[in-house]
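In: sequence unknown, structure follows:
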């Protein structure tokens, strides 16, 4: 019998079947975070006791839409949670050659009504 998690992966393989390169997100330590749109890493699953959450929104060519989705998600979290004790850390996407692809949030993001953004810079 095939395991249910294998069946879940198989139904998305056609989305990457003919690609020359595969969309795989890897952290700085080489840990695979996501093989979008096929599956996510066991290491990044959310549990009820989770305190730190990494949210990924990906697109091959629609970065403005990804930013809009993240801004709306953060706005919804703030309005649902009450806006207290929420910390959003900047994530930088860097190409394997070292070039910066994107950073979120940047100075133009999170311009939301009734939101006090404090930008903290590590020294």
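Out: Okay, I see it. As the structure is a computational prediction, the values presented were derived from the model and not from experiment.
In: Can you name the element that comes right after the longest helix anywhere in the chain?
Out: Selection of the longest helix in the chain by residue count, based on DSSP state H, yields helix 63-81. Where DSSP states H and E defines the elements, the next helix or strand beyond helix 63-81 is strand 91-94.
In: how close does the residue nearest to the spatial centre of the chain sit to residue 18?
Out: Centroid check for the chain by Cα atoms, centre = their mean gives residue 56 as the closest residue, at 1.4 Å. The gap separating residue 56 from residue 18 is 23 Å, by Cβ to Cβ, to the nearest Å. Heads up, the C-betas are built off the backbone N, CA and C, glycines and all.
In: Then residue 92?
Out: 30 Å.
In: More neighbours: which of those two?
Out: Neighbour count, other Cβ atoms under 10 Å: between residue 92 and residue 18, residue 92 has more, with 11 against 6.
In: Do I have it right that that one meets residue 99?
Out: No: Residue 92 is beyond contact range of residue 99, at 10.8 Å (criterion: Cβ atoms under 8 Å).
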